[in-house]
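>>> Return a 3D structure for these sequence lines:
(2 chains)
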Amino acid sequence: RKEVEQDPGPFNVPEGATVAFNCTYSNSASQSFFWYRQDCRKEPKLLMSVYSSGNEDGRFTAQLNRASQYISLLIRDSKLSDSATYLCVVNRGYSTLTFGKGTMLLVSP
Amino acid sequence: NAGVTQTPKFRVLKTGQSMTLLCAQDMNHEYMYWYRQDPGMGLRLIHYSVGEGTTAKGEVPDGYNVSRLKKQNFLLGLESAAPSQTSVYFCASRIDSGSSYNEQFFGPGTRLTVL
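Model prediction:
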C-alpha cells in the first residue's frame, strides 16, 4: 500500500457544484495531516490543516478518520478559481512530510 | 519579506555537467527541504536539513548532495547530471515550534532539463 493515495482525477464540475476528494494513508502512527493546493506550474501552498475534530474554512471542509485512515476535502459552491491540483499530505515523523500525487479539479463555467 | 527564493528558475544541462541550485529563505526557519516533482510521481523528498550545519537523506537522495552552511541557505548540488534528473525542483522551509503541524513554505521552483 502506498503511503498516501489519491484519485488523480480529473474531477470536472460546473461552477457552484459541491465536490469531495478522499485520500488514504498507510502509516497509522501519522499525527499531522494537510491539504495543499498546487496551481499549474506553480509551487504548492497550504490550503488547510486537518485536525481530528475536522476543520472548516469558508467553502472548504476537511475531515479526518483515523480508524479508516482517510482524509477528505469538501469544496462547496465551486469557483473557477478553485481549478487546481489538491495534494493530500501526511507527516512522516516529526521533520518530514509525504505528499500524495494529487487530485486535479477542473471547474467549468 | 521575500519568503523562499530559488536560483536559477530554469536551466538546461548536458549529461555529465554539474550545477548547484540555491535556496534562500528570510523567515529564520530552522528546517529546509529539497523536493523534486515529476509528472505522475508527485513531490519526492531528496534531502533536508533541521538546522545550520546539518543535512539528512530523503526518499531519493542518490545523485545529489546538499549543504547548509548558513541558516538561510540550502544548496542542492548535482555532480554529474543525468537525463533522469530532468525535473522541477522545489525548495521549502518551515519553522520548528515543537509542533508537527507547522506549514512548509515553498519556493517557486527550478525547472531543470538534462540533455
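
>>> for residue 27, what are its contacts?
Went with chain A since none was named. A:Asn27 sits next to A:Glu3, A:Val90, A:Arg92 when contact means C-beta atoms under 8 Å, 6 or more residues apart in numbering or on different chains. All C-beta atoms are positioned from the backbone trio N, CA, C, and that covers glycine.

>>> I was thinking of chain B, sorry if that wasn't clear
By C-beta under 8 Å, 6+ apart, the contact list for B:Met27 reads B:Asn1, B:Gly3, B:Val4, B:Ser93, B:Ile95, B:Phe105.

>>> Now tabulate those in a markdown table and tack on pLDDT.
Output for the contacts of B:Met27, formatted as a markdown table (pLDDT from 0 to 100):
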| residue | pLDDT |
| --- | --- |
| B:Asn1 | 76 |
| B:Gly3 | 95 |
| B:Val4 | 98 |
| B:Ser93 | 97 |
| B:Ile95 | 93 |
| B:Phe105 | 97 |
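
>>> Filter these down to the buried ones, PyMOL style.
PyMOL command restricting the contacts of B:Met27 to the buried ones, with burial defined by 16 or more other C-beta atoms under 10 Å in any protein chain shown:
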select buried, chain B and resi 4+93+105
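
>>> Going through the contacts of A:Asn27, which ones are buried?
Using 16+ other C-beta under 10 Å as the burial test, the contacts of A:Asn27 include A:Val90, A:Arg92 as buried.

>>> Just the ones of the contacts of A:Asn27 in strands?
Of these, the ones assigned to strands by DSSP state E are A:Val90, A:Arg92.

>>> out of the contacts of A:Asn27, which one sits closest to chain B?
A:Arg92 (8.4 Å; C-beta to the nearest C-beta).

>>> How about that closest one, nearest residue that isn't a chain neighbour?
The spatial neighbour of A:Arg92 that comes closest, neighbours along the chain excluded (C-beta to C-beta, 6 or more residues apart in numbering or on different chains), is A:Thr98 at 4.8 Å.

>>> Pull the contacting residues for that neighbour.
A:Thr98 is in contact with A:Glu3, A:Val4, A:Tyr25, A:Val89, A:Val90, A:Asn91, A:Arg92, counting by C-beta under 8 Å, 6+ apart.

>>> From B:Leu78, how far off is B:Asn102?
Distance of B:Asn102 to B:Leu78, given as C-beta to C-beta, to the nearest Å: 29 Å.

>>> pretty sure A:Gly100 is touching A:Phe21, no?
No: using C-beta atoms under 8 Å, A:Gly100 is not in contact with A:Phe21; the gap is 9.8 Å.

>>> and for those two, which residues touch both?
Common neighbours of A:Gly100 and A:Phe21, using C-beta under 8 Å, 6+ apart, are A:Gln6, A:Cys88.
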